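S.K.: sequence below, structure please.
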Amino acid sequence: MSTTRFEFVAQDRLIYEGDVNMVIIPGADGVIGVLPKHAPLIAVVAPGEVMVRVEGEEDTYYAIGGGFVEVRPDKVVLVAHSGEHVEEIDALRAEAALRRAEEYLATPEHERDQDTHVAMEAALRRSRVRLTVARRRRSGRRTANRGSDFGSPGEV
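M.R.: The predicted structure follows:
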């Protein structure tokens, strides 16, 4: 089976680099499935889940905070706001961040600071995607998902 080079880079580090058989990426307009020799394209990537398939290995999953992807026939470069391997996700921390964000967003609007409100909405989306990716891994489900509710980079 043929392969293509895949590079997945977040703001702070290289997430993945290697030859792959397929990558599934959450595009802003829908899921993008990339195989070797794919037609060239540049696309906006939505926050969600990335799936990497290498022949003879278990599929690998990542939570991503949006960005963009360049696809060439021999190489795929994914540049993301944030990204983490499913095994790096701390579900308890994500659940705590989700609860904090939900509690803040439940307060009366006149008591909210606009900048904090925006940050909490982003934290809520980010936590939901992280938990979805972590739960999918635990349950053994192998489908990539466009998680359009993932937020911007940074932690809360």
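
S.K.: report the central residue of the protein.
M.R.: The centroid of the chain falls nearest to residue 64 when counting by C-alpha atoms, centre = their mean (1.8 Å).

S.K.: my read: that residue touches residue 27, true?
M.R.: No: counting by C-beta atoms under 8 Å, residue 64 stays clear of residue 27, with 11.2 Å between them. Bear in mind the C-beta positions are built from the backbone N, C-alpha and C, glycine included.

S.K.: shared neighbours, these two?
M.R.: Common neighbours of residue 64 and residue 27, counting by C-beta atoms under 8 Å, 6 or more residues apart in numbering, are residue 45.

S.K.: picking that back up, so what's the backbone phi/psi at the residue nearest to the centre of the chain?
M.R.: Residue 64 adopts backbone torsions of phi -130, psi 140, taken as degrees, to the nearest 10.

S.K.: how near is it to residue 33?
M.R.: Applying C-beta to C-beta, to the nearest Å, the value for residue 64 to residue 33 is 15 Å.

S.K.: the biggest helix by length in the chain packs against which elements?
M.R.: For the chain, the helix with the greatest residue count under DSSP state H is helix 114-139. Here helix 114-139 touches strand 41-53, strand 60-72, helix 91-105, going by 3 or more C-beta pairs under 8 Å, 6 or more residues apart in numbering; DSSP states H and E.
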